[in-house]
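[1] Fold the following for me, if possible:
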Amino acid sequence: MKTYPNSISLFGLSLFIVTACQLDSPSQADVEHKSAQHSFPRGEKVTNNNFTGEVWLNYLVETDSVHNVNIGAVTFAPGARTNWHYHQGGQILLVTEGRGLYQEKGKPITVIEKGAVVKCPPDIEHWHGATASDSMTHVAIGTNTNVGGAIWLAPVTDEEYRQHEL
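    The predicted model follows:
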């Protein structure tokens, strides 16, 4: 094998490239660990009376003079849910984790899962939350906040909540 001064042998170069590629490629364990992490931190525990059960909120974007929108990541423990409410400017829910429930007044409960997109029309009473056995996280986008925000109503009763089980 011919050698060249001040150069790396072909074997050494190959070993370097293979090693570098292995360092840049995540292991299967790393990929599984990252997929188990949530998209956003859980945020602060909600302590108001607009929810039943344990709920956490992480405000991501709040309305300002340029953007008529507020965005929050909301995590519901199993069985947790919002009260009945409506949004004067509408709302969009993007389910990022788990399994949950959504219901508009007078309509059946819908099961929503990771990847679901729910458009809540303006001024339509609805509620949403986790199933009894699963937690659920969604990104809640309050749209057209210049029209007005959420109007909170009565709690969803246990009887109303359990209607999806029938």
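
[2] going forward, measure contacts between C-alpha atoms and count neighbours the same way
    Noted.

[3] mean confidence for stretch 141-150?
    Stretch 141-150 shows a mean pLDDT of 93 in the predicted model.

[4] Please apply the same query to stretch 49-66.
    92.

[5] now the helices for the chain?
    10-24, 28-36, 158-161 (DSSP state H).

[6] In CSV, list the C-alpha atoms belonging to the last one.
    Spelled out, it's helix 158-161. Once non-C-alpha atoms are left out, helix 158-161 reads as follows in CSV (Å, rounded to 0.1, in the frame of the first residue of the first chain):
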residue,chain,number,x,y,z
ASP,A,158,-71.1,13.3,35.4
GLU,A,159,-74.3,12.1,33.7
GLU,A,160,-73.6,14.2,30.6
TYR,A,161,-70.0,13.2,30.6
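
[7] If we ignore the residues flanking it in sequence, what's nearest P41?
    In space, and not counting its chain neighbours, P41 is closest to N58: 7.0 Å by C-alpha to C-alpha, 6 or more residues apart in numbering.

[8] Contacts only, for that neighbour.
    N58 is in contact with F40, P41, R42, G43, E44, G72, A73, V74, counting by C-alpha atoms under 8 Å, 6 or more residues apart in numbering.

[9] Apply 7 Å and report the result again.
    With contact taken as C-alpha atoms under 7 Å, 6 or more residues apart in numbering, N58 is in contact with P41, R42, G43, E44, G72, A73, V74.
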